[in-house]
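Trainee: Using only what follows, build the 3D model:
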Amino acid sequence: MSQNFQPPAPSSYTPAPAAAPARGGNVVLGVLAAVVAGLAAAGVYGAIVKATHHEIGYAAVGVGALVGFAAGKAGGRNAVLPVVATLLSVAAVLGGQLFGIALDGAEQLSTGVLDVLTEHTSEVVDSWKTDLDPLVFLFLAIGGYAAFQVSRKTAA
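Mentor: This next block holds a predicted model:
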């Protein structure tokens, strides 16, 4: 006795695969990593400024890239991190320029850098203002742009 049995036809409805959750990342960790990288990069940039007595554009790109890399790798994909990395990079480049002037002043005054930064802050800023030209703003912008792009592209 044979029965004529046909299995049911597959349903035309197939559920869509579940979308992968958007990874927001850890914003606090990204900002903290960017701050630490910015402080380290500002110190190195300041030493370069003191040694060469010039601001170097490639060094500003390096500062921005380092800050952006730290923010992107540590913080992940978050729309806030490239903006924060840009701002921190601009601050790090500016801080590096001021630190280079302070290093030079400490050598001329035969005193410590902290003494120059605390007791002669206005002279350091005045010296920075004296050397102010469009290239200073270009280097700030280049560092910020590099931080934004690297942070976006390295976010995991």
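Trainee: can you tell me which residues contact the residue nearest to Val49 when sequence neighbours are not counted?
Mentor: The shortest distance from Val49 to any residue other than its chain neighbours is 2.7 Å, reached at Gly100 (Cβ to Cβ, 6 or more residues apart in numbering). For glycine as for every other residue, the C-beta is placed from the backbone atoms N, C-alpha and C. By Cβ atoms under 8 Å, 6 or more residues apart in numbering, Gly100 lies in contact with 45-50.
Trainee: could you redo the last one with a cut-off of 10 Å?
Mentor: 42-43, 45-55, 124, 128 (Cβ atoms under 10 Å, 6 or more residues apart in numbering).
Trainee: and the least confident of the residues you listed?
Mentor: Of all the contacts of Gly100, Glu55 carries the smallest pLDDT score, 81.
Trainee: re the thing from before, most neighbours of all the contacts of Gly100, which one?
Mentor: Tyr45 (28 neighbours; other Cβ atoms under 10 Å).
Trainee: I'd say it and Gly62 touch.
Mentor: Yes. Shown here, Tyr45 and Gly62 form a contact pair, counting by Cβ atoms under 10 Å, at 7.8 Å.
Trainee: can I get the CA coordinates of stretch 42-61 in PDB?
Mentor: Extracted C-alpha coordinates of stretch 42-61, given in PDB (Å, rounded to 0.1, in the frame of the first residue of the first chain):
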ATOM      1  CA  ALA A  42      53.000  67.300  22.400                       C
ATOM      2  CA  GLY A  43      56.200  66.500  24.400                       C
ATOM      3  CA  VAL A  44      57.900  65.000  21.400                       C
ATOM      4  CA  TYR A  45      56.800  67.800  19.100                       C
ATOM      5  CA  GLY A  46      58.000  70.300  21.600                       C
ATOM      6  CA  ALA A  47      61.400  68.600  21.700                       C
ATOM      7  CA  ILE A  48      61.500  68.800  17.900                       C
ATOM      8  CA  VAL A  49      60.600  72.500  17.900                       C
ATOM      9  CA  LYS A  50      63.300  73.200  20.400                       C
ATOM     10  CA  ALA A  51      65.900  71.200  18.500                       C
ATOM     11  CA  THR A  52      65.200  72.700  15.100                       C
ATOM     12  CA  HIS A  53      63.900  76.100  16.100                       C
ATOM     13  CA  HIS A  54      61.200  75.500  13.500                       C
ATOM     14  CA  GLU A  55      57.700  74.000  13.400                       C
ATOM     15  CA  ILE A  56      57.600  71.000  11.100                       C
ATOM     16  CA  GLY A  57      54.500  70.100   9.200                       C
ATOM     17  CA  TYR A  58      55.200  66.400   9.100                       C
ATOM     18  CA  ALA A  59      55.500  66.400  12.900                       C
ATOM     19  CA  ALA A  60      52.100  68.000  13.200                       C
ATOM     20  CA  VAL A  61      50.700  65.300  10.900                       C
END
